[in-house]
Every structure is written in structure tokens, then in C-alpha cells.
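S.K.: with the input below, show me the fold.
(one chain, ligands or ions: 2)
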Amino acid sequence: MALSIQAQMDEFFYRELVKYLKLAEEKRRWNVFKDIHWAEANPDTSETLAHCVETFCAVEMYLPDFTASLLRMIRRSRGRAWFHVNWGYEESKHSLALESWLLASGHRTEEQRDAFEKELLEAEWELPFDHPRQMVCYTMIQELATFWNYRNLEKMATQQQDWALVGALRLISVDERVHYNFYRNSVKEWMKHDDAGTVEDLKYVFDNFSMPGRSQIPRYDESARILAKTGIYGPREYIKLVKNPILEDLGLDKDFHLMEAAQARYAAQRAARQEAMKREQIALGNGHAVPKNGSPLNGKPGEGAAQNSATQNGNAQNGNTQNGASNGTMHAAATFNSHSLNSALANTGKNGDGENLPPTPRRAPLLEAIGIEPKQRTPSPSIILASDAANEPLPGSRGMAKLDDLDQSLIVAGDEISNNAKEMREERAKIRRNRMKNDRLRRQKPDGGTSES
Ligand SMILES: [Fe+2]
Ligand SMILES: [Fe+2]
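M.R.: Numbering: from 1, shown residues only. Ligands and ions are numbered 1, 2, ... in the order given. Okay, the predicted model is just below:
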């Protein structure tokens, strides 16, 4: 049984997530407190620049709504859900950086920031589309638009010589570009499975597209007019920098018709996928194809192949006999005595004696990203059984295991990098003082001397 498109897409998202996280951790993480030269925020920059920064900051402020509502929709897709949470973390830094600039440059006070935040969060943003694939299309468009928002804003910040804002916007726009690429790849992957359906969703989303926060952000229309007038982002930029490049990239004309070359490309990719699956099939002597363990064609890895064959074609041995009778016994015998029989049997999950072989393990994207092979281990029954545990004497005081040196140092290490480090230090000192006092009391004899004396 072949995997459904949804299941194949879930696999795709998981693999992409692992690659994405590896690259993010290795090459893209940045620190809002250290990596931007806040001291270079320029107080002489224009109010227009500050207004544009504030508008984009406002869009980023709906993060709780962007993450919560979509997360519920995609929670069963490991790749998408984990990506989404990580995406939320990255987006959270965008609003922090923009707010920091508004404050550092002196354009806004903390009171103004606070009032703006409260006003914004009055309204809630709701998902504009109710299908996961439409939401991927929507986010793809929105991420590319956001990338250009920040790139063009950076040009204005450069003109006004604000190097703190330039630095921040550069980091943010790289994030937005990477977000766009993730969604763009996902849309393209969907096109390989179902180009017509994906194009239909994409068209629907484009026809109904508006930037997030449009109906929530107070005085949005005025802000949009300012953005358009400055040339940072308006209807012209939307068509030129967002819509047209996306259509071109996906091989669509302006009426959302797949261009011939693109149509042929998607058809070829679909055919290649099916061909790859067929090539996984091993033909047994009876002429029946058996998919490999773990193949999407094989519903139950490790046991399904032979059974599938038997179910579809009647008893496999009978099949051989019939096949042998019709095609010549010599042919069947030669096939079954050859190396190909062994490999065919290996792929049915049985050895030559018909015993079950362990299923071929699938390669783990996580280990592939780390760059190691899993260790080989022999299974052992070395688990602590409940009955054994019951006979063990209670360790430490009050049933708690005693803290060893590593426990202690990890507790200290964690405390020292916590918000309440000072309080935790005092608490540890108090425990130490109490312990010393208790030890002294325990050593004391009833007459007042110590047990050692
Ligand atoms: Fe962002
Ligand atoms: Fe983004």
C-alpha cells in the first residue's frame, strides 16, 4: 500500500525540519542583546523611519496568534509543528530588535512602547485560510513580502546613517529569506504530488491575500500609505517583488496556468517518483513483484511483502508451481537457486529457511544530520523490575537519593545562569548552614560533649 500524499508530505516536512534546524544552529542563530551595535542607534533619524519600523513591529507583535492558531491545525505533523515552534522563536526576536531600536534611538519612550503594545494586543489575528496547504501558500507569500519590507527599510536606514538599525534589519531579513525558502520548497514539493490542486490553493490565497495585522493594527491604512510612498512596500512592490517572482519560480503565468515546461517538469518528477518505487520491487520467480521492507509500497515493513504477494496472487507457492508449469520448470528453478533468490528473500523479511529476518532499519534524518551511524547493541533484559526495586533499601534521607558532586555542580551551574541566581545562592548557603548545624547537633552527646570527644 503506497503512502498517502499527506504521509509523504509529513515525511518531507520532518526531513526538511532536521536540515533547517541544523543550519539554523550552526550558521544563523543571533543574539538580540549582543549582535547589534545598539550604541550606534541614531537619534537624528526621521520620524518617518521610526513610523515604518513601528508598523513592521506591530505586524510581528501578533506572534501569539500566528503560532497558536496554526499550531493547532498542524499538530499532527511533527515536521511542520516543530518547525512552526522554532519559527515562532525566530520571529519573536524580530519584534524585540525593532522595539529595542525604537527605544535606543530615542524615538519612543518605554511608556509609549507599553501603550502601543496594549493597544495592539486588544485585537486578535485569526487564520485567514482553513486548509494547511493554503496556509503554507499564504506564509510563503507573506515571508517574501516581509523579506522585501526589511530589505527596503534597511536602504532607508542606510541613507539616514543608523548603523544599529541597519545591523538589526540585515539579521532579520536573512531570517525572513530562510523562512520564505522553507515554505517555497514545501509548495514545490506539493506541486510534485498534485500540481493542479496546489495551483488552485495558491490562486485562491493570492486572490484573497492581505498582510497579517491589516484589520487589527490601529491606523493601518495610514501606515500602509506611508510605506508605499517611501517606496519600501506598496502595491507596486507587491507585484514586482513578491507575486511575479513567485509565479515565475513555480512555472505559472500571470493567470495561474502552468507553463508547458513546468508542467512537463512536474510530470517528470511524478514519473520519477513512481519509477523509483517500482525499481524497489524485486521480481520473484513467480513473476510477482515484492516491495522492499520500509518501501512506501509495502504497507507493513518486515512482514508485508510475502503476505502482500500471497494475498494479491493467491498462495505464493501455488503461484510458483503454476508459473513454473507455464514458463518452464528450468527457468523457475534457475531463478530460485540464484543469488537473486537470496536477495529477494532478504527483501521479503525471511531467510532461506523461511524464518523472519530483522527488518531493514530506515536511515534516521537526525543521525544523518549529526553524521553518525547508530550503535549496534544486543538486546538485554537489564531493566529494573518493580519487585527488585521494592527490595532495595531507601537511599538518602526522606527516600531521596543523596546528591553526588555532579548533581551539586549542575545545580549550581543552572542556578547561576537563572534569573534568580542571587536568591538561589542564598538558599544554597542556608541549606549548607542548616546541614552543618544538624551535623553538629547529631555529634553532640546528651551531656553536651561531641561523640568524637
Ligand atoms: Fe519576522
Ligand atoms: Fe518570517
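
S.K.: neighbours of the residue of the stretch 301-450 of the chain found nearest ligand 2, how many?
M.R.: Here the stretch 301-450 of the chain gets closest to ligand 2 at one residue, A369, 22.4 Å apart by Cβ to the ion. Quick note: C-beta positions are derived from backbone N, CA and C, even for glycine. By other Cβ atoms under 10 Å, 17 other residues sit near A369.

S.K.: ok, it touching Y20?
M.R.: No. A369 is beyond contact range of Y20, at 9.9 Å (criterion: Cβ atoms under 8 Å).

S.K.: next helix or strand past the helix or strand where R225 lies?
M.R.: Element membership for R225 (DSSP states H and E) is helix 220-230. Downstream of helix 220-230, the next assigned helix or strand under DSSP H and E is helix 235-237.

S.K.: elements contacting the helix or strand following that following helix?
M.R.: The C-terminal neighbour of helix 235-237 among helices and strands, as given by DSSP H and E, is helix 244-250. Judged by 3 or more Cβ pairs under 8 Å, 6 or more residues apart in numbering; DSSP states H and E, helix 244-250 is in contact with helix 132-159, helix 163-193.

S.K.: mind listing what's buried along helix 244-250?
M.R.: Buried residues in helix 244-250, defined by neighbour count with 16 or more other Cβ atoms under 10 Å: I246, L247, L250.

S.K.: which strand or helix spans whichever residue of the chain sits closest to ligand 1?
M.R.: Nearest residue of the chain to ligand 1: H94, at 3.8 Å (Cβ to the ion). In the assignment (DSSP H and E), H94 maps to helix 78-104.

S.K.: and that helix, what does it pack onto?
M.R.: Contacts defined by 3+ Cβ pairs under 8 Å, 6+ apart place helix 78-104 against helix 5-23, helix 47-60, helix 63-74, helix 110-121, helix 163-193.

S.K.: does the first one come close to ligand 2?
M.R.: Put plainly, it is helix 5-23. No. Helix 5-23 lies apart from ligand 2 when judged by Cβ under 5 Å from the ion; the minimum separation is 12.7 Å.

S.K.: any idea how the chain splits into domains?
M.R.: With domains defined by automatic domain parsing, the chain comprises 5-266, 282-348.

S.K.: now mean pLDDT too, for those, in CSV please.
M.R.: Compiled in CSV, the domains of the chain are given as follows (pLDDT from 0 to 100):
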stretch, mean pLDDT
domain 5-266, 94
domain 282-348, 42
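
S.K.: take these and write them to a markdown table, including distance to R273.
M.R.: Conversion of the domains of the chain to a markdown table gives the following (distance: least, Cβ to Cβ, whole Å):
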| stretch | distance to R273 |
| --- | --- |
| domain 5-266 | 7 |
| domain 282-348 | 9 |
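
S.K.: for whichever residue of the chain sits closest to ligand 2, give me its contacts.
M.R.: Here the chain gets closest to ligand 2 at one residue, H179, 3.8 Å apart by Cβ to the ion. Neighbouring residues of H179 by Cβ atoms under 8 Å, 6 or more residues apart in numbering: W87, E90, T139, E143, T146.

S.K.: contacting ligand 2 as well, which ones from those residues?
M.R.: E143.

S.K.: so what's the residue of the stretch 301-450 of the chain closest to ligand 2 up against?
M.R.: Each residue near A369 by Cβ under 8 Å, 6+ apart is listed here: V18, K19, L21, K22.

S.K.: by neighbour count, which of these wins?
M.R.: Highest neighbour count within the contacts of A369, by other Cβ under 10 Å: V18, with 20 neighbours.

S.K.: so that residue makes contact with L366?
M.R.: Yes. When contacts are counted by Cβ under 8 Å, V18 is listed as touching L366 (5.7 Å).

S.K.: rewinding a little: just flag the most distant two among the contacts of A369.
M.R.: K19 and L21 (7.5 Å; Cβ to Cβ).

S.K.: what's near enough to touch W148?
M.R.: W148 neighbours (Cβ under 8 Å, 6+ apart): Y233, E237, L241, V242.

S.K.: which bits of the stretch 51-200 of the chain sit near ligand 1?
M.R.: The stretch 51-200 of the chain comes close to ligand 1 at residues E91, H94, as judged by Cβ under 5 Å from the ion.

S.K.: which residues of the stretch 51-200 of the chain lie near ligand 2?
M.R.: On the criterion Cβ under 5 Å from the ion, ligand 2 has as its neighbours in the stretch 51-200 of the chain the residues E143, E176, H179.

S.K.: now do 6 Å
M.R.: E91, E143, T146, D175, E176, H179 (Cβ under 6 Å from the ion).
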